[in-house]
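Chemist: Need a 3D model of the sequence below.
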Amino acid sequence: MKTINRLLIMGLMTSSYALSDPIVPKIPSDALGVVQVEQVKIGSLVMLKGMKGTARYVTYDGQGALCEVSPIEFLAGGFSGDRIGIENTADIVMSVYSKSVADHLMNHKEVTSEDYQVALMRTPDSDVVLETGLTLNEGFILHPRSFWSSWWHFDERPLHCTPI
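Modeler: Just a heads-up that it's a prediction; the model follows:
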């Protein structure tokens, strides 16, 4: 019986590890990078809706190789709730076209949707394009450091773009 339990546990651990292996999002040709938010939880309370997840910023390094900045804390919300509850949802993907947004993410600075031009389709003025998982009615914050450490000024080390 012990052997069967161990095999089941090892099988579950292996399958969950394989499922959690992230797929690298495709960066549009004219974009600087892509933010991919994984493990998104949605909480709704009547008309209020909030989302939280862990993101990564996939871009190119100085030599043109793919790299990522992670983890990035993600929060979003709006008045589009229609029930009471908490649930998981699919990944959120955003394409980054603004050098300012890219620099903020690379230098562990907060990016808030209200400070940039956010769109559903690429326009000459768009800084960020929402590809999947968000609407224009939901504001968001991307923060490339733990909220607690940034509030208390711990862990001021710059994040590095780790090769993928």
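Chemist: Tell me which stretches of the chain form helices.
Modeler: All helices of the chain, identified by DSSP state H, fall at 2-20, 99-106, 147-151.
Chemist: Ranked by average pLDDT, which of the ones you listed falls at the bottom?
Modeler: Ranked by mean pLDDT, the helices of the chain bottom out at helix 2-20, with a mean of 35.
Chemist: quick one: the nearest residue to residue 109 once chain neighbours are set aside and residue 121, what's the gap?
Modeler: What sits nearest to residue 109 in space, not counting adjacent residues and going by Cβ to Cβ, 6 or more residues apart in numbering, is residue 144, at 7.3 Å. C-betas here are computed from N, CA, C, even on glycine. Distance, residue 144 to residue 121, using Cβ to Cβ, to the nearest Å: 26 Å.
Chemist: The two: which is more packed in?
Modeler: Using other Cβ atoms under 10 Å as the criterion, residue 144 and residue 121 rank with residue 144 on top: 23 against 8.
Chemist: how about that one, what does it touch?
Modeler: 57, 69, 71-73, 105, 108-110, 159 (Cβ atoms under 8 Å, 6 or more residues apart in numbering).
Chemist: where are the low-confidence patches of this structure?
Modeler: Along the chain, segments meeting pLDDT under 70 span 1-22, 145-159.
Chemist: all strands of it, in order?
Modeler: 33-46, 48-60, 66-78, 83-89, 92-96, 111-112, 118-119, 128-132, 139-143, 162-163 (DSSP state E).
Chemist: helices and strands around the last one, which ones?
Modeler: Contact here means 3 or more Cβ pairs under 8 Å, 6 or more residues apart in numbering; DSSP states H and E; on that basis strand 162-163 packs against strand 66-78.
Chemist: what helices or strands is the strand it packs on leaning on?
Modeler: strand 33-46, strand 48-60, helix 99-106, strand 139-143, strand 162-163.
Chemist: Next, count neighbours for residue 130.
Modeler: Neighbours around residue 130, by other Cβ under 10 Å: 21.
Chemist: For it, list each beta-bridge partner.
Modeler: Beta bridges link residue 130 to residue 94, judged by DSSP bridges.
Chemist: circling back: I'd like the helices and strands packed on strand 66-78 as CSV, with mean neighbour count appended.
Modeler: Output for the helices and strands packed on strand 66-78, formatted as CSV (neighbours: other Cβ atoms under 10 Å):
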stretch, mean neighbour count
strand 33-46, 18
strand 48-60, 20
helix 99-106, 18
strand 139-143, 19
strand 162-163, 11
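Chemist: So residue 128 is in contact with residue 115, correct?
Modeler: No. With contacts counted by Cβ atoms under 8 Å, residue 128 stays clear of residue 115, the gap being 10.3 Å.
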